[in-house]
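Undergrad: Output the structure for:
(chains A and B)
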Amino acid sequence: MESQELKEKVSAKKFVQELAKGIILTNPVFVLVLGLCPTLAVTTSVNNALGMGAGVIFVLLGSNLIISIIRKVTPVMVRIPVFIVVIASFVTILSLVFEAYIPPLYESLGIYLPLIVVNCIILGRAEVFASKNPIIYSIADGLGAGLGFTLSLIIISFLREVLGTGSLVIFGKHLFSIPVLSSSPLSVFIMPPGAFIIIALLMAFFRLIGVLKNE
Amino acid sequence: MNSLLTIFLSLVLINNFILSKFLGLCPFFGVSKKLSNAISMGAAVTLVMLLASIATGIIYNYILIPYKIQFMNIIIYILVIAALVQIVEIVIKRTNILLYNALGIYLPLITTNCAVLGITLINAQNNYSLLQSIVSALGGGLGFTLMLIIMSAIRERNELADTPKSMKGLPIAFIIAALLSLAFMGFNGLL
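TA: All right, here's what the predicted structure looks like:
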(Lines give C-alpha, C1' and ligand atoms only; values in the text may rest on other atoms or scores of the structure.)
Protein backbone atom coordinates (compact mmCIF):
# COMPACT_ATOMS: atom_id res chain seq x y z
CA MET A 1 0.00 0.00 0.00
CA GLU A 2 2.83 2.34 0.92
CA SER A 3 4.70 1.64 -2.27
CA GLN A 4 1.50 2.35 -4.17
CA GLU A 5 1.36 5.81 -2.61
CA LEU A 6 5.00 6.42 -3.36
CA LYS A 7 4.34 5.56 -6.98
CA GLU A 8 1.48 8.06 -7.14
CA LYS A 9 3.71 10.85 -5.82
CA VAL A 10 6.50 10.53 -8.36
CA SER A 11 4.18 9.84 -11.23
CA ALA A 12 3.54 13.45 -12.23
CA LYS A 13 7.23 14.19 -12.59
CA LYS A 14 7.99 10.95 -14.38
CA PHE A 15 4.97 11.45 -16.66
CA VAL A 16 6.45 14.72 -17.92
CA GLN A 17 9.89 13.11 -18.24
CA GLU A 18 8.59 10.27 -20.40
CA LEU A 19 6.67 12.78 -22.47
CA ALA A 20 9.64 15.08 -23.09
CA LYS A 21 12.01 12.20 -23.83
CA GLY A 22 10.13 11.18 -26.95
CA ILE A 23 9.83 14.71 -28.30
CA ILE A 24 13.44 15.86 -28.00
CA LEU A 25 16.09 13.44 -26.72
CA THR A 26 14.95 10.40 -28.66
CA ASN A 27 13.07 12.10 -31.47
CA PRO A 28 11.97 9.13 -33.59
CA VAL A 29 12.74 10.65 -36.97
CA PHE A 30 15.87 12.79 -36.67
CA VAL A 31 17.64 10.95 -33.83
CA LEU A 32 16.50 7.32 -34.09
CA VAL A 33 15.81 7.41 -37.85
CA LEU A 34 12.64 5.31 -37.53
CA GLY A 35 9.44 5.40 -39.54
CA LEU A 36 11.01 6.85 -42.66
CA CYS A 37 8.47 5.66 -45.23
CA PRO A 38 5.53 7.80 -44.06
CA THR A 39 7.86 10.65 -43.09
CA LEU A 40 8.97 11.12 -46.67
CA ALA A 41 5.80 10.07 -48.45
CA VAL A 42 3.12 12.21 -46.78
CA THR A 43 5.08 15.41 -46.19
CA THR A 44 4.10 17.01 -49.48
CA SER A 45 1.85 19.40 -47.54
CA VAL A 46 1.48 20.47 -43.90
CA ASN A 47 -2.14 19.35 -44.05
CA ASN A 48 -1.22 15.74 -44.83
CA ALA A 49 1.53 15.81 -42.22
CA LEU A 50 -0.95 16.93 -39.53
CA GLY A 51 -3.39 14.19 -40.54
CA MET A 52 -0.70 11.52 -40.49
CA GLY A 53 0.67 12.81 -37.17
CA ALA A 54 -2.79 12.72 -35.57
CA GLY A 55 -3.30 9.19 -36.87
CA VAL A 56 0.02 7.96 -35.50
CA ILE A 57 -0.62 9.60 -32.10
CA PHE A 58 -4.02 7.88 -31.92
CA VAL A 59 -2.60 4.47 -32.79
CA LEU A 60 0.40 4.88 -30.46
CA LEU A 61 -1.81 5.90 -27.53
CA GLY A 62 -4.26 3.06 -28.17
CA SER A 63 -1.67 0.35 -28.69
CA ASN A 64 0.51 1.44 -25.76
CA LEU A 65 -2.57 1.52 -23.50
CA ILE A 66 -3.85 -1.94 -24.48
CA ILE A 67 -0.42 -3.57 -24.55
CA SER A 68 0.38 -2.15 -21.13
CA ILE A 69 -2.92 -3.47 -19.77
CA ILE A 70 -2.36 -6.99 -21.13
CA ARG A 71 1.39 -7.07 -20.49
CA LYS A 72 1.11 -9.51 -17.57
CA VAL A 73 -1.07 -12.05 -19.35
CA THR A 74 0.79 -12.02 -22.69
CA PRO A 75 3.12 -15.03 -23.09
CA VAL A 76 6.62 -13.86 -24.04
CA MET A 77 6.85 -16.29 -26.98
CA VAL A 78 3.88 -14.85 -28.88
CA ARG A 79 4.16 -11.23 -27.81
CA ILE A 80 5.14 -9.84 -31.23
CA PRO A 81 2.11 -11.31 -33.08
CA VAL A 82 -0.12 -10.06 -30.22
CA PHE A 83 1.33 -6.55 -30.50
CA ILE A 84 0.88 -6.56 -34.27
CA VAL A 85 -2.77 -7.59 -34.02
CA VAL A 86 -3.47 -4.87 -31.43
CA ILE A 87 -1.77 -2.25 -33.62
CA ALA A 88 -3.53 -3.48 -36.78
CA SER A 89 -6.90 -3.25 -35.02
CA PHE A 90 -6.31 0.39 -34.09
CA VAL A 91 -5.13 1.19 -37.61
CA THR A 92 -8.31 -0.39 -39.00
CA ILE A 93 -10.43 1.77 -36.67
CA LEU A 94 -8.45 4.84 -37.73
CA SER A 95 -8.76 4.17 -41.44
CA LEU A 96 -12.52 3.58 -41.14
CA VAL A 97 -12.94 6.85 -39.20
CA PHE A 98 -10.87 8.80 -41.72
CA GLU A 99 -12.76 7.27 -44.63
CA ALA A 100 -16.10 8.17 -43.07
CA TYR A 101 -15.43 11.68 -41.74
CA ILE A 102 -12.46 13.17 -43.64
CA PRO A 103 -12.53 11.54 -47.09
CA PRO A 104 -10.18 14.07 -48.80
CA LEU A 105 -7.44 13.34 -46.25
CA TYR A 106 -8.12 9.62 -46.56
CA GLU A 107 -7.65 9.88 -50.32
CA SER A 108 -4.43 11.86 -50.14
CA LEU A 109 -2.83 9.62 -47.50
CA GLY A 110 -3.66 6.56 -49.63
CA ILE A 111 -1.80 3.37 -48.76
CA TYR A 112 0.35 5.18 -46.20
CA LEU A 113 -2.57 5.20 -43.76
CA PRO A 114 -2.79 1.37 -43.49
CA LEU A 115 1.01 1.25 -43.58
CA ILE A 116 1.02 2.77 -40.07
CA VAL A 117 0.83 -0.91 -39.02
CA VAL A 118 4.43 -1.51 -40.02
CA ASN A 119 5.71 1.82 -38.73
CA CYS A 120 8.73 0.80 -36.64
CA ILE A 121 8.02 3.56 -34.10
CA ILE A 122 4.80 1.95 -32.91
CA LEU A 123 6.05 -1.64 -32.62
CA GLY A 124 9.26 -0.22 -31.13
CA ARG A 125 7.44 1.61 -28.32
CA ALA A 126 5.29 -1.48 -27.66
CA GLU A 127 8.31 -3.76 -27.37
CA VAL A 128 10.68 -1.41 -25.54
CA PHE A 129 8.30 0.43 -23.24
CA ALA A 130 4.62 -0.48 -23.03
CA SER A 131 5.22 -4.21 -22.54
CA LYS A 132 7.28 -3.52 -19.41
CA ASN A 133 5.79 -0.39 -17.80
CA PRO A 134 2.61 0.66 -15.98
CA ILE A 135 -0.33 2.10 -17.90
CA ILE A 136 0.08 5.77 -17.03
CA TYR A 137 3.75 5.96 -18.10
CA SER A 138 3.00 3.99 -21.25
CA ILE A 139 0.46 6.64 -22.21
CA ALA A 140 3.04 9.39 -21.60
CA ASP A 141 5.60 7.49 -23.63
CA GLY A 142 3.18 6.98 -26.51
CA LEU A 143 2.12 10.61 -26.47
CA GLY A 144 5.76 11.78 -26.41
CA ALA A 145 6.89 9.58 -29.28
CA GLY A 146 3.77 10.52 -31.27
CA LEU A 147 4.29 14.25 -30.71
CA GLY A 148 7.98 13.95 -31.60
CA PHE A 149 7.04 12.17 -34.82
CA THR A 150 4.36 14.76 -35.64
CA LEU A 151 6.76 17.63 -34.96
CA SER A 152 9.31 16.17 -37.38
CA LEU A 153 6.59 15.70 -40.00
CA ILE A 154 5.50 19.32 -39.58
CA ILE A 155 9.06 20.66 -39.95
CA ILE A 156 9.74 18.61 -43.10
CA SER A 157 6.36 19.32 -44.69
CA PHE A 158 6.58 23.05 -43.89
CA LEU A 159 9.90 23.33 -45.71
CA ARG A 160 8.69 21.21 -48.62
CA GLU A 161 5.39 23.02 -49.07
CA VAL A 162 6.82 26.53 -48.76
CA LEU A 163 9.74 25.84 -51.12
CA GLY A 164 7.75 23.67 -53.50
CA THR A 165 4.63 25.83 -53.90
CA GLY A 166 5.71 29.20 -52.53
CA SER A 167 2.72 29.38 -50.22
CA LEU A 168 1.18 27.68 -47.20
CA VAL A 169 -2.36 26.30 -47.04
CA ILE A 170 -3.67 24.64 -43.89
CA PHE A 171 -7.23 23.23 -43.58
CA GLY A 172 -8.16 25.02 -46.80
CA LYS A 173 -7.05 28.40 -45.41
CA HIS A 174 -4.44 30.31 -47.36
CA LEU A 175 -1.95 31.51 -44.74
CA PHE A 176 0.75 33.32 -46.71
CA SER A 177 2.61 33.29 -50.00
CA ILE A 178 6.10 34.45 -50.87
CA PRO A 179 6.04 36.91 -53.84
CA VAL A 180 8.68 35.56 -56.26
CA LEU A 181 8.62 31.96 -55.06
CA SER A 182 4.88 31.49 -55.57
CA SER A 183 4.98 32.55 -59.22
CA SER A 184 7.91 30.26 -60.03
CA PRO A 185 8.09 27.65 -57.25
CA LEU A 186 10.91 25.10 -56.84
CA SER A 187 8.48 22.29 -57.55
CA VAL A 188 11.16 19.62 -57.21
CA PHE A 189 10.67 19.93 -53.45
CA ILE A 190 7.15 18.53 -53.49
CA MET A 191 8.31 15.70 -55.72
CA PRO A 192 10.12 12.63 -54.32
CA PRO A 193 13.73 13.89 -54.77
CA GLY A 194 12.92 16.96 -52.66
CA ALA A 195 11.95 14.74 -49.73
CA PHE A 196 15.33 13.04 -49.78
CA ILE A 197 17.19 16.36 -50.03
CA ILE A 198 15.26 17.99 -47.16
CA ILE A 199 15.67 15.07 -44.76
CA ALA A 200 19.38 14.76 -45.62
CA LEU A 201 19.95 18.45 -44.86
CA LEU A 202 17.90 18.32 -41.65
CA MET A 203 19.80 15.26 -40.41
CA ALA A 204 23.13 16.90 -41.20
CA PHE A 205 21.91 20.03 -39.38
CA PHE A 206 20.97 18.06 -36.25
CA ARG A 207 24.38 16.36 -36.33
CA LEU A 208 26.19 19.65 -36.76
CA ILE A 209 24.47 20.94 -33.61
CA GLY A 210 25.58 17.78 -31.80
CA VAL A 211 29.16 18.16 -33.02
CA LEU A 212 29.31 21.85 -32.04
CA LYS A 213 27.88 21.08 -28.60
CA ASN A 214 30.53 18.46 -27.92
CA GLU A 215 33.43 20.70 -28.90
CA MET B 1 -0.91 -8.60 -72.04
CA ASN B 2 -0.25 -4.96 -72.69
CA SER B 3 -1.58 -3.95 -69.29
CA LEU B 4 0.61 -6.56 -67.57
CA LEU B 5 3.69 -5.06 -69.22
CA THR B 6 2.55 -1.58 -68.18
CA ILE B 7 2.15 -2.65 -64.55
CA PHE B 8 5.56 -4.31 -64.58
CA LEU B 9 7.52 -1.48 -66.21
CA SER B 10 5.81 1.22 -64.20
CA LEU B 11 6.77 -0.46 -60.90
CA VAL B 12 10.36 -1.15 -61.96
CA LEU B 13 11.21 2.24 -63.42
CA ILE B 14 8.57 4.94 -62.91
CA ASN B 15 6.78 4.24 -59.63
CA ASN B 16 9.86 2.60 -58.19
CA PHE B 17 9.22 1.38 -54.65
CA ILE B 18 12.15 3.17 -53.11
CA LEU B 19 12.60 6.29 -55.20
CA SER B 20 9.01 7.39 -55.66
CA LYS B 21 6.92 5.47 -53.12
CA PHE B 22 9.45 5.51 -50.25
CA LEU B 23 8.64 1.92 -49.32
CA GLY B 24 11.32 -0.31 -47.81
CA LEU B 25 13.67 2.50 -46.89
CA CYS B 26 15.08 0.82 -43.76
CA PRO B 27 16.73 -2.08 -45.66
CA PHE B 28 17.61 0.34 -48.45
CA PHE B 29 19.81 2.40 -46.17
CA GLY B 30 20.68 -0.38 -43.71
CA VAL B 31 21.80 -3.16 -46.04
CA SER B 32 23.08 -1.23 -49.03
CA LYS B 33 26.67 -0.89 -47.83
CA LYS B 34 27.96 -4.05 -49.56
CA LEU B 35 26.99 -5.40 -52.98
CA SER B 36 26.67 -9.05 -51.88
CA ASN B 37 24.33 -8.16 -48.99
CA ALA B 38 22.27 -5.98 -51.30
CA ILE B 39 21.68 -8.84 -53.75
CA SER B 40 20.69 -11.27 -50.96
CA MET B 41 18.32 -8.76 -49.38
CA GLY B 42 16.78 -7.92 -52.74
CA ALA B 43 16.23 -11.59 -53.52
CA ALA B 44 14.66 -12.24 -50.11
CA VAL B 45 12.30 -9.28 -50.41
CA THR B 46 11.29 -10.21 -53.96
CA LEU B 47 10.56 -13.80 -52.93
CA VAL B 48 8.43 -12.75 -49.94
CA MET B 49 6.64 -10.06 -51.99
CA LEU B 50 5.77 -12.61 -54.65
CA LEU B 51 4.48 -15.21 -52.17
CA ALA B 52 2.60 -12.58 -50.15
CA SER B 53 0.95 -11.23 -53.29
CA ILE B 54 -0.19 -14.71 -54.32
CA ALA B 55 -1.55 -15.50 -50.84
CA THR B 56 -3.27 -12.15 -50.29
CA GLY B 57 -4.48 -12.08 -53.90
CA ILE B 58 -6.31 -15.36 -53.35
CA ILE B 59 -7.71 -14.18 -50.01
CA TYR B 60 -8.80 -10.80 -51.38
CA ASN B 61 -10.44 -12.07 -54.56
CA TYR B 62 -12.05 -15.24 -53.22
CA ILE B 63 -12.80 -14.48 -49.54
CA LEU B 64 -12.85 -10.75 -48.77
CA ILE B 65 -14.75 -9.57 -51.85
CA PRO B 66 -17.47 -12.30 -51.88
CA TYR B 67 -18.17 -11.73 -48.17
CA LYS B 68 -17.79 -7.91 -48.48
CA ILE B 69 -15.27 -7.63 -45.64
CA GLN B 70 -12.54 -5.72 -47.50
CA PHE B 71 -12.08 -3.43 -44.50
CA MET B 72 -10.52 -6.34 -42.61
CA ASN B 73 -7.64 -6.47 -45.07
CA ILE B 74 -5.05 -4.72 -42.88
CA ILE B 75 -5.29 -7.24 -40.02
CA ILE B 76 -5.52 -10.26 -42.31
CA TYR B 77 -2.63 -9.18 -44.55
CA ILE B 78 -0.21 -8.53 -41.72
CA LEU B 79 -0.98 -11.93 -40.18
CA VAL B 80 -0.61 -13.68 -43.54
CA ILE B 81 2.74 -11.98 -44.16
CA ALA B 82 4.05 -12.80 -40.67
CA ALA B 83 3.03 -16.46 -41.03
CA LEU B 84 4.40 -16.64 -44.55
CA VAL B 85 7.82 -15.34 -43.54
CA GLN B 86 8.00 -17.99 -40.82
CA ILE B 87 7.04 -20.76 -43.25
CA VAL B 88 9.54 -19.60 -45.88
CA GLU B 89 12.26 -19.51 -43.24
CA ILE B 90 11.51 -23.06 -42.08
CA VAL B 91 11.23 -24.45 -45.62
CA ILE B 92 14.49 -22.86 -46.78
CA LYS B 93 16.28 -24.04 -43.64
CA ARG B 94 15.19 -27.65 -44.23
CA THR B 95 15.74 -27.82 -47.97
CA ASN B 96 18.65 -25.59 -48.91
CA ILE B 97 21.15 -24.68 -46.23
CA LEU B 98 23.28 -22.60 -48.61
CA LEU B 99 20.34 -20.40 -49.52
CA TYR B 100 19.40 -20.18 -45.85
CA ASN B 101 22.86 -18.91 -44.96
CA ALA B 102 22.58 -16.26 -47.66
CA LEU B 103 19.01 -15.07 -46.95
CA GLY B 104 18.40 -16.30 -43.38
CA ILE B 105 19.20 -13.21 -41.36
CA TYR B 106 17.16 -10.97 -43.64
CA LEU B 107 13.94 -12.96 -43.45
CA PRO B 108 12.78 -11.94 -39.93
CA LEU B 109 13.42 -8.29 -40.80
CA ILE B 110 11.07 -8.52 -43.75
CA THR B 111 7.88 -9.00 -41.70
CA THR B 112 7.79 -5.34 -40.75
CA ASN B 113 9.08 -4.13 -44.10
CA CYS B 114 6.65 -1.64 -45.61
CA ALA B 115 7.46 -2.86 -49.12
CA VAL B 116 5.79 -6.24 -48.56
CA LEU B 117 2.61 -4.91 -46.94
CA GLY B 118 2.77 -2.05 -49.45
CA ILE B 119 2.60 -4.27 -52.52
CA THR B 120 -0.35 -6.24 -51.14
CA LEU B 121 -2.20 -2.99 -50.35
CA ILE B 122 -1.44 -1.59 -53.80
CA ASN B 123 -2.84 -4.78 -55.33
CA ALA B 124 -6.00 -4.48 -53.25
CA GLN B 125 -6.37 -0.75 -53.93
CA ASN B 126 -6.18 -1.27 -57.71
CA ASN B 127 -8.43 -4.35 -57.59
CA TYR B 128 -5.78 -6.40 -59.39
CA SER B 129 -6.61 -9.96 -60.43
CA LEU B 130 -4.36 -12.78 -59.24
CA LEU B 131 -2.20 -12.66 -62.39
CA GLN B 132 -1.86 -8.88 -62.24
CA SER B 133 -0.90 -9.12 -58.55
CA ILE B 134 1.88 -11.58 -59.38
CA VAL B 135 3.22 -9.32 -62.13
CA SER B 136 3.10 -6.25 -59.91
CA ALA B 137 4.93 -8.12 -57.12
CA LEU B 138 7.64 -9.18 -59.56
CA GLY B 139 7.96 -5.61 -60.85
CA GLY B 140 8.06 -4.11 -57.36
CA GLY B 141 10.61 -6.65 -56.13
CA LEU B 142 12.82 -6.22 -59.17
CA GLY B 143 12.71 -2.44 -58.92
CA PHE B 144 13.62 -2.71 -55.24
CA THR B 145 16.55 -5.07 -55.95
CA LEU B 146 17.78 -2.87 -58.79
CA MET B 147 17.88 0.18 -56.52
CA LEU B 148 19.62 -1.74 -53.73
CA ILE B 149 22.32 -2.88 -56.17
CA ILE B 150 22.85 0.58 -57.70
CA MET B 151 22.93 2.16 -54.25
CA SER B 152 25.42 -0.34 -52.82
CA ALA B 153 27.76 0.12 -55.77
CA ILE B 154 27.69 3.90 -55.27
CA ARG B 155 28.10 3.67 -51.51
CA GLU B 156 31.10 1.34 -51.74
CA ARG B 157 32.87 4.08 -53.68
CA ASN B 158 31.45 6.84 -51.53
CA GLU B 159 33.10 5.33 -48.45
CA LEU B 160 36.43 6.45 -49.87
CA ALA B 161 35.27 9.99 -50.68
CA ASP B 162 36.06 12.96 -48.47
CA THR B 163 32.63 13.88 -47.09
CA PRO B 164 32.02 16.73 -44.59
CA LYS B 165 31.83 15.42 -41.02
CA SER B 166 28.13 16.10 -40.44
CA MET B 167 27.15 14.67 -43.84
CA LYS B 168 28.93 11.33 -43.36
CA GLY B 169 26.90 8.14 -43.40
CA LEU B 170 23.13 8.55 -43.64
CA PRO B 171 22.79 12.19 -44.79
CA ILE B 172 25.02 11.69 -47.83
CA ALA B 173 23.21 8.43 -48.59
CA PHE B 174 19.95 10.43 -48.68
CA ILE B 175 21.54 12.94 -51.07
CA ILE B 176 22.61 10.05 -53.33
CA ALA B 177 19.04 8.73 -53.19
CA ALA B 178 17.75 12.20 -54.16
CA LEU B 179 20.03 12.30 -57.22
CA LEU B 180 18.99 8.76 -58.21
CA SER B 181 15.36 9.74 -57.81
CA LEU B 182 15.88 12.81 -60.00
CA ALA B 183 17.54 10.66 -62.64
CA PHE B 184 14.73 8.09 -62.59
CA MET B 185 12.13 10.84 -63.02
CA GLY B 186 13.35 10.88 -66.60
CA PHE B 187 11.45 7.62 -67.14
CA ASN B 188 8.13 9.40 -66.45
CA GLY B 189 7.39 9.88 -70.13
CA LEU B 190 8.04 6.22 -70.95
CA LEU B 191 4.46 4.99 -70.65
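
Undergrad: Okay, now the unreliable bits of chain B?
TA: By pLDDT under 70, the weakly predicted segments of chain B are B:1-2, B:103-105, B:111-112, B:191.

Undergrad: can you rerun that using 50?
TA: By pLDDT under 50, chain B contains no weakly predicted segment.

Undergrad: Buried residues, the top helix by length along it. List them.
TA: The single longest helix within chain B, with elements called by DSSP state H, is helix B:130-158. For helix B:130-158, a neighbour-count test (16 or more other CB atoms under 10 Å in any protein chain shown) marks B:132-152, B:155, B:158 as buried. For every residue, glycine as well, the C-beta is placed using N, CA and C.

Undergrad: Are stretch B:146-157 and chain A in contact anywhere?
TA: No. Stretch B:146-157 does not reach chain A (CB under 8 Å from any CB of the partner chain); its nearest approach is 11.8 Å.

Undergrad: what's that stretch in contact with?
TA: Contact with stretch B:146-157 is made by B:12, B:16-19, B:27-28, B:31-35, B:37-39, B:41-42, B:173, B:176-177, B:180, as judged by CB atoms under 8 Å, 6 or more residues apart in numbering or on different chains.

Undergrad: 7 Å instead?
TA: The contact list for stretch B:146-157 (CB atoms under 7 Å, 6 or more residues apart in numbering or on different chains) reads B:12, B:16, B:18-19, B:28, B:31-35, B:38-39, B:41-42, B:173, B:176, B:180.

Undergrad: Repeat that for stretch A:86-95.
TA: So stretch A:86-95 is contacted by A:55, A:58-59, A:62-63, A:66-67, A:113-114, A:116-117, A:122-123, B:71, B:74-75, B:78 (CB under 7 Å, 6+ apart).

Undergrad: Go through it and flag the buried ones.
TA: Here stretch A:86-95 shows A:Val86, A:Ile87, A:Ala88, A:Ser89, A:Phe90, A:Val91, A:Thr92, A:Leu94, A:Ser95 as buried, counting by 16+ other CB under 10 Å.

Undergrad: now swap in stretch A:180-198 and tell me
TA: Neighbour count says stretch A:180-198 has A:Pro185, A:Val188, A:Phe189, A:Ile190, A:Pro192, A:Pro193, A:Gly194, A:Ala195, A:Phe196, A:Ile197, A:Ile198 buried, by 16+ other CB under 10 Å.

Undergrad: quick one: contacts for the residue nearest to B:Leu47 when sequence neighbours are not counted?
TA: Distances taken as CB to CB, 6 or more residues apart in numbering or on different chains place B:Val88 nearest to B:Leu47, at 7.0 Å, with adjacent residues excluded. Neighbouring residues of B:Val88 by CB under 7 Å, 6+ apart: B:Leu47, B:Val48, B:Leu51, B:Leu107.

Undergrad: quick one: which of those is nearest to A:Val180?
TA: Closest to A:Val180 out of those is B:Val48 (48.7 Å), distances taken as CB to CB.

Undergrad: What are the boundaries of the helices in chain B?
TA: Counting by DSSP H, the helices of chain B are B:2-9, B:25-30, B:35-59, B:73-95, B:97-103, B:107-110, B:114-125, B:130-158, B:170-184.

Undergrad: repeat for chain A
TA: Going by DSSP H, chain A shows helices at A:2-20, A:36-41, A:46-69, A:79-101, A:103-109, A:120-125, A:135-165, A:179-183, A:192-214.

Undergrad: State the mean pLDDT of the fourth one.
TA: Mean per-residue pLDDT for helix A:79-101: 91.

Undergrad: Go ahead and confirm A:Tyr112 touches A:Thr43.
TA: No. Counting by CB atoms under 7 Å, A:Tyr112 stays clear of A:Thr43, with 10.4 Å between them.

Undergrad: Comparing these two, which residue is more hemmed in?
TA: A:Thr43 (27 against 24; other CB atoms under 10 Å in any protein chain shown).

Undergrad: any idea how far A:Ala195 is from the more buried one?
TA: Distance of A:Thr43 to A:Ala195, computed by CB to CB, to the nearest Å: 6 Å.

Undergrad: what sits in contact with each of the two?
TA: Common neighbours of A:Thr43 and A:Ala195 (CB under 7 Å, 6+ apart) are A:Arg160.

Undergrad: ok, the spatially closest residue to A:Pro38 that is not a sequence neighbour - contacts?
TA: Nearest residue to A:Pro38 in three dimensions, chain neighbours excluded: A:Tyr112, at 5.1 Å (CB to CB, 6+ apart). The contact partners of A:Tyr112, taken as CB under 7 Å, 6+ apart, are A:Pro38, A:Ala41, A:Val42.
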